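K.L.:
take a look and give me a structure for this.
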Amino acid sequence: MKDRYKEDRTIERAVDVCFEVAQYQVNPFHWLYHNPNGVHTMQYFSHWVQRWAAHKAYMVLVRAAKITGYEPVPASLLYRNSKRDGFSGRRVRVGKLSFYLIREEEMSPGLKRRYTKFKEMLRKELEKEKNTHNVCV
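P.N.:
Prediction:
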């Protein structure tokens with residue numbers, strides 16, 4: 001029971017971090033062009049640009065992984081066993097996040113279960129966010 005709780009917390013943390021990166025879709029440069037007085041500090045704008053660039057890099061990683069047949073697995077789901085399992089050479093950093101490119105057949109049963117649950121939770125969060133934005137607009 002305690003291991004299952006730990007696994008669920010790990011998956012929830014990975015979803016929260018990936019969801020945070022996935023939600024910055026607005027180009028800050030276009031917004032600044034149309035609203036020149038909208039940004040009050042350069043620090044706020046630079047953080048926004050960093051988040052937007054991380055979002056773009058994450059989307060490129062997801063698309064490239066689909067084409068090559070790999071899955072971008074968050075590092076937190078591997079429980080620090082990446083070197084032992086032989087995935088240390090396939091690490092990709094996106095902003096502050098680390099992902100490992102792993103094929104579906106290379107995953108252990110536990111990792112496959114965690115990754116499947118991670119994908120389902122992330123998909124639900126993104127759909128919920130999309131639905132709330134459609135209602136507000």
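K.L.:
for Cys18, see how far away Ser98 is.
P.N.:
11 Å (Cβ to Cβ, to the nearest Å). In short, each C-beta sits where N, CA and C put it, glycine included.
K.L.:
between the two, point out the one with more neighbours.
P.N.:
Cys18 (24 against 15; other Cβ atoms under 10 Å).
K.L.:
now the common contact residues for Ser98 and Cys18.
P.N.:
Counting by Cβ atoms under 8 Å, 6 or more residues apart in numbering, the contacts common to Ser98 and Cys18 are Pro74.
K.L.:
how many neighbours does Leu122 have?
P.N.:
Neighbour tally, Leu122, other Cβ under 10 Å: 18.
K.L.:
give me the pLDDT for Phe99.
P.N.:
Each residue has a pLDDT score; the one for Phe99 is 86.
K.L.:
just list whatever residues bridge to it.
P.N.:
Beta-bridge pairing of Phe99 under DSSP bridges involves Pro74, Val92.
K.L.:
from memory it sits against Arg91, does it?
P.N.:
Yes: counting by Cβ atoms under 8 Å, Arg91 is a contact partner of Phe99 at 7.4 Å.
K.L.:
show me where the protein has helices.
P.N.:
2-22, 28-34, 42-68, 82-85, 109-136 (DSSP state H).
K.L.:
ok, of those helices, where does mean pLDDT dip lowest?
P.N.:
helix 82-85 (a mean of 61).
K.L.:
centre-most residue in this protein?
P.N.:
Compute the mean C-alpha point of the chain, and by Cα atoms, centre = their mean the closest residue is Cys18, 2.6 Å away.
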